[in-house]
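Asks: What follows is a protein structure lacking sequence information:
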């Protein structure tokens, strides 16, 4: 009970803030949502996690140097 009161946060962190965003970013790009940093969602996407996902997609040649979806990403 002590651990419950002292170590656990009062609310859980939303799943979108705990998971790998690569797949989510790829789906948003495929839907034509290109300005992801200003995308309005229920739970704000952590900017650093989004940038990391964009870097992974760029490294995999799914996004071009402007952040647009390439043929491989379709």
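Replies: Everything's here; your move. Values in this document were obtained by computation on a predicted structure and should not be read as measured data.
Asks: pLDDT wise, what is the residue nearest to residue 33 when sequence neighbours are not counted at?
Replies: Spatial nearest neighbour of residue 33, excluding adjacent residues (Cβ to Cβ, 6 or more residues apart in numbering): residue 39 at 5.9 Å. (Glycine included, C-beta is placed from N, CA and C.) Per-residue pLDDT puts residue 39 at 80.
Asks: Going forward, count from 32.
Replies: All right, first residue 32 from here; so that's residue 70.
Asks: how close does residue 70 get to residue 41?
Replies: 27 Å (Cβ to Cβ, to the nearest Å).
Asks: More neighbours: which of the two?
Replies: residue 70 (13 against 4; other Cβ atoms under 10 Å).
Asks: Could you pull up the residues touching the more buried one?
Replies: Applying Cβ atoms under 8 Å, 6 or more residues apart in numbering, we find residue 70 in contact with 59, 64, 76.
Asks: Then residue 93?
Replies: 57, 100-101, 103-104.
Asks: now do 10 Å
Replies: 53, 56-57, 60-61, 85, 87, 100-105 (Cβ atoms under 10 Å, 6 or more residues apart in numbering).
Asks: likewise residue 91?
Replies: 53, 57, 101, 103-104.
Asks: Who wins on neighbours among those residues?
Replies: Ranked by neighbours (other Cβ under 10 Å), these are led by residue 57, which has 20 neighbours.
Asks: List the ones among the contacts of residue 70 that fall in helices.
Replies: Residues of the contacts of residue 70 located in helices (DSSP state H): residue 59.
Asks: Can you tell me which one of the contacts of residue 70 sits lowest on pLDDT?
Replies: Checked by pLDDT, the contacts of residue 70 have residue 76 as the lowest-scoring entry (78).
Asks: Now for that residue, how many residues are close by?
Replies: The burial count for residue 76: 19, using other Cβ under 10 Å.
Asks: do residue 43 as well
Replies: 9.
Asks: Same question for residue 32.
Replies: Using other Cβ under 10 Å, the number of residues around residue 32 comes to 5.
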